[in-house]
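Participant: pasting the structure only:
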């Protein structure tokens, strides 16, 4: 039976964000250097056009792959983290976190939700019409059970 596991020390995302910004700046700078080399037709350059272009493509792919792994968790929100189909844990604290790009992230609201059902008219035993309605209030307490449909 799956029960909720709280991840005590999830990896903070601020250092990863700085690294990604540096990679993006290097990508842009190398792209313009490679264009300059190609336009001027410089033959005696230490770094060839194709090497710079390869580095730019690699940097761009790194940025594209890592854009979804920096997650902001708001108040009254939780993240359920699943890695290759295995439940790893839950993060309930607010902040900015880094998760592996190969895992699956489920965001869950921990607020009290309200569901209003439609009113229906039914008749009593004495054939008097009565209107019935329903309002359901619920709150997620165990995030693992909520995601994996465990009763």
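Facilitator: Sure thing, it's come through. As the structure is a computational prediction, the values presented were derived from the model and not from experiment. Numbers count the residues shown, from 1 in each chain.

Participant: Now residue 73. Nearest residue, chain neighbours left out?
Facilitator: The shortest distance from residue 73 to any non-neighbouring residue, by CB to CB, 6 or more residues apart in numbering, is to residue 94 (5.3 Å). (C-beta placed from N, C-alpha, C; glycine too.)

Participant: give me the number of residues near that neighbour?
Facilitator: 12 (other CB atoms under 10 Å).

Participant: Quick check: phi and psi on it?
Facilitator: For residue 94, the backbone dihedrals are phi -80, psi 150 (criterion: degrees, to the nearest 10).

Participant: For the remainder of this discussion, apply numbering that starts at 34.
Facilitator: With the count now opening at 34, the last piece we talked about shows up as residue 127.

Participant: give the contact list for it.
Facilitator: 106, 107, 108, 110 (CB atoms under 8 Å, 6 or more residues apart in numbering).

Participant: Now, of the residues you listed, which are buried?
Facilitator: 106, 110 (16 or more other CB atoms under 10 Å).

Participant: of all the contacts of residue 127, which two lie farthest apart?
Facilitator: 106 and 108 (8.4 Å; CB to CB).

Participant: Distance of the residue nearest to residue 167 when sequence neighbours are not counted relative to residue 179?
Facilitator: Spatially, and ignoring its direct neighbours in sequence, residue 167 is nearest to residue 150 (3.8 Å; CB to CB, 6+ apart). As judged by CB to CB, to the nearest Å, residue 150 and residue 179 stand 21 Å apart.

Participant: and residue 71, what pLDDT?
Facilitator: We have a pLDDT of 69 for residue 71.
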